[in-house]
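**Student:** Would you be able to build a 3D model of this:
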Amino acid sequence: MYSQPQGHKWHEGELAMQRKSGFENVYGSHSDWIADYLPTQHAFFYMSLNYFVLATLDERGRPWVSLVTGGPGFVRPIGKTHLKIITRPILGDPLSHNISKSVSDSLIAGLGIEFRNRRRNKVNGRLVTSQTSFGADGTLTIVIKVNQTIGNCPKYINCRNLNLVEENPDAKIVYNNPDSEVLPIECVHLITETDVFFLGSKHIGNAQSESDMSANHRGGKPGFIRVTSDRKTIIWPDYSGNRMFQTLGNLETNPEIGLLFPNFLNGDILYVTGIAKNLFDNEAEALLKGSKRITCVSVKGFIFSQRALNLLGPIVELSPYDPPVRLLQEEAPSSSSTIITKEDSSAQLVGIKRLTDKVSTFTWKLDKKISYLPGQYVILDFSSSEYLNQGYNHMCDTAPLSLNDDWIRSWTISSSPPVENGTFVETDTIETTIKRVDSGSVSMFLHFANQLPPNAKITPRLVGIGGEFSPFQSTESKFLFIAAGVGITPFLSTLSGFNKIPKKDIDVVLLFSARGRETALVDQIESPPWLKKYVYDTSKGRVTKDTISGIEGILERDIFICGPNPFMRDFKNWLKDLVDPSKVHIEAFTY
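**Tutor:** Here you go, the predicted model:
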């Protein structure tokens, strides 16, 4: 008989992470979720798998992570206290080397994960060296004495259809550099293009019974892991999880870490060992835009094999919980034009004008006047809103992206500033024209704000204004404005500004495409003699390369493009053969 354990006692690193992240005393001093034996459900789950993740230590105590494979049953329990694995490590995997150098009771950890149904269970314990063996055919038998087991949530697991394949005869070890600190460019590409990686960490306590190891999974949208330009540091954001911080807690006390990056499409695989550091708040934001908690790993060694992984399959579905990809500050476009306001600046929503079924103009009254040019954007922070930020939730299937939302939004200012003596002056009133996005928490909230109680106030913090997408920063007088849908908003402000302060010999062509009723957005624009408007309803036909090549005087015009990313990319590609690329300007928020 096996009784329920008294609970895992948090070590100092886990407690430090819980405290730094604002979750102190959430679980008390122990967790009853962690067992010291293999539950029956875990045992059957492990036996159903044909791949398994292992974290081991080399002779210097550095963690490495391995992905081992076999037919169903290659991982099987021995009673409730031991787990047996029989596998043949793939080319370049450091597992065999680490096991051969292991001493009795070495730390080891495993992760069972099924990408088809997003199930994940962790196990850690000690290596039973007396029952570990190497076969003549390259097979490796490992026995683990179980110390801890726990089930994990499916939140950031992207569904894949993985299948075992024959070993590729062209597999090769490209780099075997266990002491190198600079990643080759092909390794950087693998890291920054993947949607999943595995990590191993350890905690060494004062007594043997207080030491343990962890193998775990991290997932997100492709590109969620970043690498610094010197190729020495790997950085990723920490998403909202179960608040236990087992992995990050280990790194607080023992910063050595192992990472594994698989390419499940071509079989390439990268093993990394390094030194990790957790960063918070301003320190995190200084490296990774919009992030409050990140992990940075300085590379200390790596092994890279091509076509070695015998487990392949495509992504079937990204997790709905995956947040948007955040770029490193050094990767992001320059934000030198962004002016950050004082901490106590705020805006209050004072008016809503509906333009279409999904597009409305919102009027904001500012507590302090600001200066801006037509075409620039405003940055608003809704994190203090009692209606939006509801605090911690472990899962939220109705609004999955809300779990990692920073509640900061950037919108183009669609109104133009007032004018005195032929110059734009400060104002305390601005407008933003916003499209309702069904998966967008803030835009949905604003579009239904008129249903709030009469005394309700929406007062986001005014973070700043910025942007270089303004023809008023240009010396030219001939322009081509290309917009799609709500991408017309910077041109609402700009064309209004031209009416107030017209440039000499001004000549503007507006090419606007939208679907159905959204074409009515162009009605917000006056029709002075210097403006030619061309409107295309995409439900009847799309704008083509031939459309823009026929624009009168296109070689003489400064060109501004705003719309969905694919729209802007297509037009930029079409224009590169027609005009000087320096004359083409793309809208991009830099905050």
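**Student:** which residue sits closest to residue 325 in space, ignoring its chain neighbours?
**Tutor:** Nearest residue to residue 325 in three dimensions, chain neighbours excluded: residue 223, at 4.4 Å (C-beta to C-beta, 6 or more residues apart in numbering). Bear in mind the C-beta positions are built from the backbone N, C-alpha and C, glycine included.
**Student:** Could you double-check that residue 411 lies in contact with residue 382?
**Tutor:** No - using C-beta atoms under 8 Å, residue 411 makes no contact with residue 382, being 11.7 Å away.
**Student:** re the thing from before, tally up the residues packed near the residue nearest to residue 325, please.
**Tutor:** 15 (other C-beta atoms under 10 Å).
**Student:** Could I get the pLDDT score of it?
**Tutor:** You'll see residue 223 listed with a pLDDT of 95.
**Student:** any idea what it is structurally, helix, strand or coil?
**Tutor:** Using DSSP: H, G, I helix; E, B strand; the rest coil, the structure places residue 223 in coil.
**Student:** same deal with residue 98?
**Tutor:** helix.
**Student:** can you start the count at 36 instead of 1 from here on
**Tutor:** Noted, 36 is the first residue going forward, which turns the last one into residue 133.
**Student:** Could I get the contacting residues of it?
**Tutor:** 91, 92, 93, 94, 99 (C-beta atoms under 8 Å, 6 or more residues apart in numbering).
**Student:** 10 Å - rerun?
**Tutor:** Taking C-beta atoms under 10 Å, 6 or more residues apart in numbering, we find residue 133 in contact with 89-94, 97-99, 101, 141, 143, 162, 293.
**Student:** Out of the residues you listed, give me the two with the largest separation.
**Tutor:** Across the contacts of residue 133, no pair lies farther apart than 89 and 94, at 16.7 Å, counting by C-beta to C-beta.
**Student:** of the two, who's got more company?
**Tutor:** Set side by side, residue 89 and residue 94 show more neighbours around residue 89, with 27 against 11, by other C-beta under 10 Å.
**Student:** Who are the contact partners of the more buried one?
**Tutor:** Residues near residue 89 by C-beta under 10 Å, 6+ apart: 99-103, 110, 120, 122, 124, 128, 130, 133-134, 143-146, 177, 179, 233, 235, 250, 295.
**Student:** 7 Å instead?
**Tutor:** 101, 103, 130, 143, 145, 250 (C-beta atoms under 7 Å, 6 or more residues apart in numbering).
**Student:** Derive a ChimeraX selection command for the buried subset of those.
**Tutor:** ChimeraX command restricting the contacts of residue 89 to the buried ones, with burial defined by 16 or more other C-beta atoms under 10 Å:
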select :101,103,130,143,145,250
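**Student:** Quick check: residue 489 vs residue 384, distance?
**Tutor:** From residue 489 over to residue 384 the distance is 13 Å, taken as C-beta to C-beta, to the nearest Å.
**Student:** Between the two, which is the more surrounded one?
**Tutor:** With neighbours defined as other C-beta under 10 Å, residue 489 and residue 384 compare such that residue 384 has more, 20 against 5.
**Student:** so which helix or strand takes in the more buried one?
**Tutor:** When elements are assigned from DSSP states H and E, residue 384 belongs to strand 382-389.
**Student:** got the buried residues for the helix or strand that that strand is followed by?
**Tutor:** Using DSSP H and E, the next helix or strand after strand 382-389 towards the C-terminus is strand 394-405. By 16+ other C-beta under 10 Å, the buried positions in strand 394-405 come out as 394, 395, 396, 397, 398, 399, 401, 405.
**Student:** Given strand 394-405, what are its sheet partners and their directions?
**Tutor:** The strands beside strand 394-405 in its sheet (DSSP bridges) come out as strand 382-389 (antiparallel), strand 462-470 (antiparallel).
**Student:** List of residues touching that strand?
**Tutor:** With C-beta under 7 Å, 6+ apart, strand 394-405 has contacts from 380-390, 449, 461-470, 481-482, 497, 500, 521, 553, 556.
**Student:** Go again with 6 Å.
**Tutor:** Strand 394-405 is contacted from outside by 380-389, 461-468, 470, 482, 500, 521, using C-beta atoms under 6 Å, 6 or more residues apart in numbering.
**Student:** Which among those count as buried?
**Tutor:** Among these, those classed as buried by 16+ other C-beta under 10 Å are 381-382, 384, 462, 464-468, 470, 482, 500, 521.
**Student:** out of the contacts of residue 133, who has the most neighbours?
**Tutor:** Across the contacts of residue 133, the neighbour count under other C-beta under 10 Å reaches its highest value at residue 143, namely 31 neighbours.
**Student:** what about residue 333, neighbour count?
**Tutor:** Residue 333: 15 surrounding residues under other C-beta under 10 Å.
**Student:** nope, residue 499 is what I meant
**Tutor:** When neighbours are counted by other C-beta under 10 Å, residue 499 comes out with 20.
**Student:** That one in helix, strand or coil?
**Tutor:** strand.
**Student:** Could you give the bridge partners of the closest residue to residue 389 other than its chain neighbours?
**Tutor:** What sits nearest to residue 389 in space, not counting adjacent residues and going by C-beta to C-beta, 6+ apart, is residue 395, at 4.8 Å. For residue 395, the beta-bridge partners are residue 389, residue 469 (DSSP bridges).
**Student:** residue ranges with poor pLDDT in the stretch 186-335 of the chain?
**Tutor:** Along the stretch 186-335 of the chain, segments meeting pLDDT under 70 span 277-278.
**Student:** What residues does the residue nearest to residue 143 when sequence neighbours are not counted make contact with?
**Tutor:** What sits nearest to residue 143 in space, not counting adjacent residues and going by C-beta to C-beta, 6+ apart, is residue 162, at 4.7 Å. Counting by C-beta under 6 Å, 6+ apart, residue 162 makes contact with 137, 141, 143.
**Student:** returning to what we had before: redo the buried ones among the contacts of strand 394-405 as JSON lines? Include distance to residue 453.
**Tutor:** Compiled in JSON lines, those are given as follows (distance: C-beta to C-beta, whole Å):
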{"residue": "381", "distance to residue 453": "21"}
{"residue": "382", "distance to residue 453": "17"}
{"residue": "384", "distance to residue 453": "20"}
{"residue": "462", "distance to residue 453": "5"}
{"residue": "464", "distance to residue 453": "9"}
{"residue": "465", "distance to residue 453": "11"}
{"residue": "466", "distance to residue 453": "13"}
{"residue": "467", "distance to residue 453": "17"}
{"residue": "468", "distance to residue 453": "18"}
{"residue": "470", "distance to residue 453": "26"}
{"residue": "482", "distance to residue 453": "27"}
{"residue": "500", "distance to residue 453": "15"}
{"residue": "521", "distance to residue 453": "24"}
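**Student:** for those residues, which one is nearest residue 169?
**Tutor:** Taking those together and measuring to residue 169 by C-beta to C-beta, the closest member is residue 470, at 61.6 Å.
**Student:** what pLDDT does that closest one get?
**Tutor:** Note for residue 470: predicted pLDDT of 94.
**Student:** Please apply the same query to residue 368.
**Tutor:** So residue 368 comes in at 59 (pLDDT).
**Student:** same question, residue 519
**Tutor:** pLDDT, residue 519: 93.
**Student:** Quick check: beta-bridge partners of it?
**Tutor:** With DSSP bridges as the criterion, residue 519 is bridged to residue 548.
**Student:** so it sits right up against residue 546, yeah?
**Tutor:** No - judged on C-beta atoms under 6 Å, residue 519 makes no contact with residue 546 at a distance of 9.4 Å.
**Student:** just to revisit the earlier point, how close does the residue nearest to residue 389 sit to residue 595?
**Tutor:** For residue 395 relative to residue 595 (C-beta to C-beta), the value is 24 Å.
**Student:** ok, of the buried ones among the contacts of strand 394-405, which one's closest to residue 151?
**Tutor:** Nearest member of the buried ones among the contacts of strand 394-405 to residue 151, counting by C-beta to C-beta, is residue 470, at 35.6 Å.
**Student:** which residues does the closest one contact?
**Tutor:** Applying C-beta under 6 Å, 6+ apart to residue 470 gives the contacts 393, 394, 521.
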